[in-house]
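Asker: Fold the following and give me the result.
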Amino acid sequence: MDILFVSSGNTKNGISPIIHNQGTSLKKLGHEVSFFTIKGKGLKGYVRHIFILRKFLKKQSYDVVHAHYSLSAMTASLAGARPLVVSLMGSDVKASPLLSKLIKIFQTIFWRRVIVKSADMKASSKIAEAKILPNGVDFEKFKPLSREEALTVTGWDPMKKHLLFAANPKRPEKNFPLAKAAFELLNDPAIELHSLVDIPNELMPHYFNASDVILLTSLWEGSPNVIKEAMACNSKIVAVDVGDIREVMGNTPGCYISDFEPTAFSDTINKALEHTAKTTGRAKIEHLSESVIASKLTTIYNTILN
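Answerer: Numbers count the residues shown, from 1 in each chain. Coordinates of the predicted model:
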C-alpha cells in the first residue's frame, strides 16, 4: 500500500518523532510511506501549503493520505487529498472550541476516517464514528537500561535522585508550575528536577532510565506517548489523571495518579521514590507496541479502500 503522511514540519528536528515512528512501523509491515511536511507556523503557512500540496498530489498517486493534527488535515482536505484519514491529538479537541467546530465541519464533508487517541478524546470530539487507536511504542528503542549507562549519557549527578518533567516547561498546557511547586515542597537538596527540551528522540530512553521518577502534570492530553515510552523502560511515574493515563498505567506498582494540587503531587512523588524496585510497566503495555498498532492502522486503511 502506498501511503502519504501529511503533518507539520516545524519542530527543531522537522517531523514529529511520534509521526515519523508510526510511518516507520508501517514500513516494517511492507507498506510504502512518504512524508509531506507543512513548514511555516501560523495560518499563513497552512494556507500556503494548500496549493503546494495540491500541485504535489497531481504528480503523485497514493492509496491513502493520512493527515496528523487537525490543521494539517484541513490543509490536506482543501488540497484535494483523497481518501483522507485523520489522526487528532489531545490539543485538537481540548484547546479551542472554535477548532472543535471546524473539525466537525471538515469531518462531515471531507474525512473518511477519524482516529483519536483515547476514549476521553472521543467524548470531547463528539465524533461518534471516531476510531480509538493510541500511538504505538518502539519496544526495540524504549527498553530498560542500566542506570550507570543512562547517567553517563545525561551527565546527571549519580549521587542525587532525579525527577524528569516529561515536556518543555514553556508549553502552558503541560502545566510546569505544578511540577515545580511540588518539587519545591520536597525541599531536598539531594533531588534534582529536569525537563525535556530539545532532546533527540534516540536519546530519550537514556533520560527515562536515568530518572528516578517521571512527572506529567498536563492540563489535558490525548494518549501521551511519553507515559507509554517511560513504562516500556520500566520507569516510575507520577501523573495527573488526563487522557488515557489511568487506563494505560492501571495498577502498575511504582506508577501513581495524583491530584492537581502541589502538596498531593509532592506526597505522591515521595511515595514513588520510596518504591525502590523497577516497575513492571513494560509487560503492562505489550498491547501498545508499534507493531500491534501498525497492524490495526492497516486494518483501518483497508476498510476505507474496500
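
Asker: can we go C-alpha only for contacts and neighbour counts from here?
Answerer: Noted.

Asker: So L102, which state does it fall into?
Answerer: helix (DSSP: H, G, I helix; E, B strand; the rest coil).

Asker: if I look at it, how far off is K122?
Answerer: Distance of L102 to K122, computed by CA to CA, to the nearest Å: 16 Å.

Asker: who has more neighbours, these two?
Answerer: K122 (22 against 14; other CA atoms under 10 Å).

Asker: Now stretch 241-248: average pLDDT?
Answerer: Mean pLDDT, stretch 241-248: 94.

Asker: Where in this structure is the helix or strand with the lowest mean pLDDT?
Answerer: Here the helix or strand of the chain ranked lowest by mean pLDDT, DSSP states H and E is helix 90-94, holding a mean of 77.

Asker: Work out the gap between that one and the centre of the chain.
Answerer: 12 Å (CA atoms, centre = their mean, to the nearest Å).

Asker: For it, name the packing helices and strands.
Answerer: helix 97-109, helix 119-125 (3 or more CA pairs under 8 Å, 6 or more residues apart in numbering; DSSP states H and E).

Asker: and L178, what is it in contact with?
Answerer: 217, 260-262 (CA atoms under 8 Å, 6 or more residues apart in numbering).

Asker: That one - that's part of a helix, no?
Answerer: Yes: the assignment for L178 by three-state DSSP puts it in a helix.

Asker: From P253, how far out is it?
Answerer: In terms of CA to CA, L178 sits 23 Å off from P253.

Asker: OK, contacts around D92?
Answerer: 69-70, 99-100.

Asker: would TSV of these with distance to F139 and pLDDT be doable?
Answerer: Below are the contacts of D92 laid out as TSV (distance: CA to CA, whole Å; pLDDT from 0 to 100):
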residue	distance to F139	pLDDT
Y69	24	93
S70	28	94
L99	34	88
S100	33	87
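
Asker: Give me the contacts around whichever strand or helix holds I18.
Answerer: Here I18, judged by DSSP states H and E, is contained in helix 17-28. For helix 17-28, the surrounding residues in contact (CA under 8 Å, 6+ apart) are 5, 32-33, 68, 135-136, 138, 201, 225, 290-291, 294-295, 298.

Asker: buried stuff in that helix?
Answerer: 18-27 (16 or more other CA atoms under 10 Å).

Asker: Break this structure down into its domains, please.
Answerer: As assigned by automatic domain parsing, the chain contains the domains 2-136+289-305, 147-287.

Asker: The first one: end-to-end distance?
Answerer: End-to-end distance of domain 2-136+289-305 (CA to CA): 12 Å.

Asker: list the contacts for M249?
Answerer: By CA under 8 Å, 6+ apart, the neighbours of M249 are 231, 255-256, 281, 284.

Asker: Return the most buried member of the helices and strands packed on helix 90-94.
Answerer: Highest mean neighbour count among those (mean count of other CA atoms under 10 Å): helix 119-125, with a mean of 19.

Asker: Tell me which other helices or strands it touches.
Answerer: On a contact count with 3+ CA pairs under 8 Å, 6+ apart, helix 119-125 meets helix 90-94.

Asker: Restrict the helix it packs on to CA atoms and write it as CSV.
Answerer: Output of helix 90-94 as CSV, limited to C-alpha atoms (Å, rounded to 0.1, in the frame of the first residue of the first chain):
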residue,chain,number,x,y,z
GLY,A,90,-5.2,15.9,22.5
SER,A,91,-4.8,19.6,21.7
ASP,A,92,-7.1,19.3,18.7
VAL,A,93,-10.2,18.7,20.8
LYS,A,94,-9.2,20.2,24.1
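
Asker: tell me the SS of W220?
Answerer: Applying three-state DSSP: W220 is coil.

Asker: How about the secondary structure of the nearest residue to it once chain neighbours are set aside?
Answerer: Once flanking residues are discounted, W220 sits nearest to V242: 5.6 Å by CA to CA, 6 or more residues apart in numbering. Using three-state DSSP, the structure places V242 in coil.

Asker: Check the one 10 residues further on too.
Answerer: Three-state secondary structure (criterion: three-state DSSP) places T252 in coil.
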